[in-house]
Every structure is written in C-alpha cells, then in structure tokens.
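Asker: Need coordinates for the below:
(one chain, ligands or ions: 2)
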Amino acid sequence: MNRSTAPKNPATFHVKSFGCQMNVYDGERMAEMLGARGMTAAADGADADLVILNTCHIREKAAEKVYSDIGRLQRDDGARPMIAVAGCVAQAEGSEISRRAKTVDIVVGPQAYHRLPELIAKAGRGEAAVDTDMPAASKFDALPGRTKQARPTAFLTIMEGCDKFCTYCVVPYTRGAEISRGWTAILDEAKALVDGGVREITLLGQNVNAWKGQDDKGRVQGMDGLVRALATIDGLERIRYTTSHPNDMSDGLIAAHGEVEKLMPFLHLPVQAGNDRILKAMNRSHDVGSYLRLIDRVRAARPDIAISGDFIVGFPGETDAQFEDTLGLVEQVRYAQCYSFKYSPRPGTPAATMDGQISPAVMDDRLARLQALLNAQQAAFNAATVGRATRILLERKGRHPGQLIGKTPWLQSVHVQAADFTIGDLVDVDIMGAGPNSLAGAISRRKAA
Ligand code: SAM
Ligand code: SF4
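Answerer: Numbers count the residues shown, from 1 in each chain. Ligands and ions are numbered 1, 2, ... in the order given. A predicted model of the protein is given here:
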C-alpha cells in the first residue's frame, strides 16, 4: 500500500455514505464514535485527514462508484487523506480493495466499524488494517451513546441482516444473518435521541418488520409491541419504519397502523415484480395474490395509508408479458411513491448465472415505462392532497427567506412560508398546490387531520 503521503494520526475526518438509510445511520454512528475520541468532523473530504467511504454493493453501478471516488481523493500537491472503505463493498471485496486501489489504508465491514479507532492506529503504523469479521457480540454494545442531533428526525437501526436469500440480492452475504437488537437498547437509544431534540424516529432494518425480541418483563414481542412502547416516549411525535418485507407484516403491526396515533400512515412494502413465476424465481416467498390481499388488509386498518415499494425490471427470463403483469399490479395498488431499478447481476448470487439475462436496451425500455406509470401515480397522490388541512414537521430551511420545508404524515415535502416557526415545530398547514415531488402549503388556522 502507498501510505507515504497520508497523515499518520488523523485529527479530522469526513464520512461519505452511499446507498440505503442503514448506511446513513452507520455513517452517523461512526462520526459520533470518532467525535467521542476527540476527532473533529470536516465539512468535506477535501479538508479531512481521514475520509471514510461508506459504500453500497446492491447494484454494480453503486459498487463501482467507490473506485472513482478513491481516485478523486488524491490532492494536487500529491498528498492524500488516510482512506477507509467501509460498508458492503468492504464486506464483499475485503482486502481485494487495497490490491485494486493501492491508496486504501483501511477496509472495514458493516459489522466491524466499532473497531475503527484500532484500525486507524494500525494504518498509522503502516500495518494492514482490514476487518470484515461478523463478530458474535453486537457492534452496537461497543458504540458510544447518541449525541445531540442537528435535525428533528433521526434513523434508528433495530435489526440487521437478512435470512431470506432473494436470488438477486447481496444483502444476506454482506450484512449477514438477521439479528434483532434488544428492547432496552432500542428504547434507551430512542429516549437519548428525543432528549437531544429529535421528534421523529424512523426504525431501520433490511427487513425491519422481522424484528423480534423480549420486553423488559420477558414477554415475547414483535415490532408492533416495540412501536407501541416507543409511542409512550414523551416528546417523540412521529414513528416510521423501513424497509418491510411482505411476509413479516404481522396482524399486530397492521392493527397498530389503525391504533397508534404516532405511527405515520406510510408503508414501504416492496413487491419487486407482478408475476408469480418471476417472484418464485426471485425466491420472494410471496405471490401477487398474497401481496394484494395484504395491501387490502393494511388499507382496511388505515384507509389513508400511503403505499410505497421497490421494483426490479429485467430479472433473468422476464418476458414482455410478465413485465406487463408488473404494470398491471402497479395499476391495482396505486402507489404514493416507489423506487425502481434495472436488474443488476451481483457476483455470487444465484440469479447472476441464470439463463435468459435481459439485454440493456430491453431493460431501459421497461424501466422507462414503469417509471412513467409510477411518476403519474405519485403526481396523482400529491394532487389529491390539495385543499386538505394537515400537520407537518418542519425539518429544514427552504431556498427563500422565511421558507421552511416539512413533511406530511404521508412523507411528502411541503414548502411553507413560516417565519414565526422554527425547525422541529409541528405546524398545521393547508395544502395549496402540488408538484410531482413536493407540495406548497400555507400556515393554517384550521385543525389539521
Ligand atoms: N429487504 C427489502 C425487501 O425485501 O423488499 C429490500 C432491501 S434491498 C437492500 C433494497 C432494494 O434494492 C430491493 O428492494 C430491490 O428492489 C433492490 N435490489 C436488490 N438487489 C438488486 C439487484 N441485484 N438489482 C437491482 N435491484 C436490486
Ligand atoms: Fe435482499 Fe430479499 Fe433480503 Fe430484501 S429480503 S434484503 S431483497 S435478500
């Protein structure tokens, strides 16, 4: 490794996270841990002694991005920061990364980042610093407590890993087996976040609704029990969770959507495709019928719930007719917002070597058609809120003086002139207009729904 120009004892750091919200959460925890050890956060990589690239391996493009980013960290005078590659690319590629990119000093997997301080010291001494262990003890126990947050919203990882092995997906290999964090640790972290000014918490997990554990009285609980316990925390106003798996959507959690006021009416429930043969080849363990029945039950419990999802187009063997079935499912569900991707073969997954890989041109065409439909549904969902009174949580400043941006219960951004209010306030607004990606609101004197 070429370490000659990298600082040996970094005093400042910058974490750049790619990919999912769980990476954002991990990045925040790394920053808090290094801050607790006396290091200072730098606003961007150009000024930092240590740059941590917290990577994503879910699709090929995301994984390759890390190598171009490493190249850009070389500075004009020949100096460079100490470079750490963290996250799922680190887990999947291990020491291969430092062979391919000689300037990488540290490689640390998503279950081992609590050991970053030791790895930084090792790299400073010029030793190889690679840790992709999946230790039996949870990294969470080794991390310092949460510090005061800059925003009124926060992520909180409650489970990690995945046992489902969808045939296209790297997560079970990069994040390991499904592990739920303990009840008390989660509630303590939530209380610490609220004490630090947080008013909305989004619970995170690769399949967050698979969370299970025991409460402080030893009773077995699922995520619905956890949500109900979190809802008793004074000062915590809103609870969200993502991402859910259809097979882990329990009766109790569905009921909670109708009963727990603080649980927001938004459900991200990926289906991936609308054809049973493709779902079977994906090893999704749900079919179109069971998914649609589930959506009906959720809507019966909470009629105004916004439904979101993920789709993959061009899975190996997908025919035109099977793709049309996906469009048909979308028409039936009427989504509020969705993510959609072209299938990306991932090394080591069963689908990567399946017959019938689809050409890029066909995938482009299918993605464009699916996204046109999803965008139209999102615009229709937004338009349907115009004229409505609702409550938003103000999260950040807008571009214009006195303008703030908040979120509705259905996760839509609302721009509002709110000079008398401050970030973190929950305010009643009337929705005056809707665009494809956001709404315009005005402070309301009516009581919000
Ligand atoms: N656990 C969640 C579930 O089962 O719905 C999804 C978590 S996964 C990290 C996020 C999304 O990435 C998936 O829902 C899927 O749409 C997409 N994804 C995963 N592997 C992919 C691949 N090989 N190619 C394209 N998209 C992929
Ligand atoms: Fe990946 Fe499937 Fe697990 Fe979701 S359920 S993380 S898509 S393997």
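
Asker: who's in contact with the residue lying closest to E60 once chain neighbours are set aside?
Answerer: Computed as Cβ to Cβ, 6 or more residues apart in numbering, the closest residue to E60 that is not its neighbour in sequence is S344, at 4.8 Å. (Glycine included, C-beta is placed from N, CA and C.) By Cβ atoms under 8 Å, 6 or more residues apart in numbering, the residues touching S344 are 58-61, 168.

Asker: swap in N437?
Answerer: The neighbours of N437, taking Cβ under 8 Å, 6+ apart as the test, are 378, 413.

Asker: before we move on, what about D310?
Answerer: Shown in contact with D310 (Cβ under 8 Å, 6+ apart): 243, 268, 270-272, 338-341.

Asker: List the contacts of stretch 277-288.
Answerer: Against stretch 277-288 from outside (Cβ under 8 Å, 6+ apart): 164-168, 246-247, 271-276, 294, 312, 315-318, 322, 325, 329, 350-351, 354.

Asker: near ligand 2, from those residues?
Answerer: Restricting the contacts of stretch 277-288 to those touching ligand 2 (Cβ under 6 Å from any ligand atom) yields 164-166.

Asker: near ligand 1, which residues of this structure?
Answerer: So the chain meets ligand 1 at 20, 58-59, 168-169, 171, 206-207, 243, 245, 270, 272, 310, 312, 341, 343-344, 346 (Cβ under 6 Å from any ligand atom).

Asker: Report the buried members of the contacts of S344.
Answerer: Listed as buried from the contacts of S344 are 58-59, 168; burial here means 16 or more other Cβ atoms under 10 Å.

Asker: Just name the closest of those to ligand 1, please.
Answerer: Y168 (4.0 Å; Cβ to the nearest ligand atom).

Asker: my read is G348 is in a helix, agree?
Answerer: No: applying DSSP: H, G, I helix; E, B strand; the rest coil, one finds G348 to be coil, outside a helix.

Asker: Tell me the pLDDT of the closest residue to it other than its chain neighbours.
Answerer: Spatially, and ignoring its direct neighbours in sequence, G348 is nearest to Y173 (6.2 Å; Cβ to Cβ, 6+ apart). For Y173, the pLDDT comes out at 93.

Asker: Quick check: which element contains Y173?
Answerer: Using DSSP states H and E, Y173 sits in helix 171-174.

Asker: what's the answer for N23, then?
Answerer: According to DSSP H and E, N23 maps onto helix 21-36.

Asker: on that earlier part again, with secondary structure and pLDDT added, can I get the contacts of S344 in CSV?
Answerer: As requested, these are exported to CSV (DSSP: H, G, I helix; E, B strand; the rest coil; pLDDT from 0 to 100):
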residue, secondary structure, pLDDT
I58, coil, 91
R59, coil, 90
E60, helix, 89
K61, helix, 86
Y168, coil, 98
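
Asker: of these, closest to ligand 2?
Answerer: Y168 (7.3 Å).

Asker: give the contact list for that closest one.
Answerer: Residues near Y168 by Cβ under 8 Å, 6+ apart: 282, 312, 315, 343-346, 349, 351.

Asker: and of these, the nearest to Y25?
Answerer: Distances from Y25 to those, taken as Cβ to Cβ, are shortest for R346 (22.6 Å).
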